[in-house]
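Trainee: for reference, the sequence and a predicted model appear below.
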Amino acid sequence: MVEQIEQLNAVFGALSDPTRRSMLDALRSGELSVGQLAAPFEMSLAGAAKHVQVLERSNLVQRRKEGRTYYCSLNQEAFLAAQQWFQRYSEFWNLRLDKLTELLEEEKENSDD
């Protein structure tokens, strides 16, 4: 359980940065090199590599080496864990909003009488 919480913390920490979110968005189309991930941001390879390391530690991306080039791809499992966490709260709020709707409808019916 503690490991799951730490993993979720790493995922949300990685997602907190707009550059890393943009990198993840770019990876939706398929595997990219670290250089390709860095290009839109006009950052050094070292700067991009730091972002990739955070994404890799959170398991949002997997990295492989081919020659001197590192390639990254999305890891769906980490996204599913975050989605499941959000789903619990989505269900909670949907129930609350349904109850609010019922109460408002009852109030409207009572005021029409």
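Mentor: Noted; the coordinates are in hand.

Trainee: going forward, measure contacts and count neighbours with C-alpha atoms only.
Mentor: Fine.

Trainee: could I get the full set of helices for the chain?
Mentor: Per DSSP state H, the chain carries helices over the ranges 2-15, 18-27, 34-38, 45-57, 76-112.

Trainee: so which of the ones you listed is the most surrounded?
Mentor: Burial of the helices of the chain is given as mean neighbour count (mean count of other C-alpha atoms under 10 Å); helix 34-38 ranks first at a mean of 20.

Trainee: so for it, what's the average pLDDT?
Mentor: Throughout helix 34-38, pLDDT has a mean value of 95.

Trainee: columns distance to Lys65 on top of the helices of the chain, output as TSV?
Mentor: Formatted as TSV, the helices of the chain follow (distance: least, C-alpha to C-alpha, whole Å):
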stretch	distance to Lys65
helix 2-15	22
helix 18-27	16
helix 34-38	10
helix 45-57	13
helix 76-112	20
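
Trainee: among those helices, which is nearest Thr69?
Mentor: With C-alpha to C-alpha as the measure, helix 34-38 is the member of these nearest Thr69 (7.7 Å).
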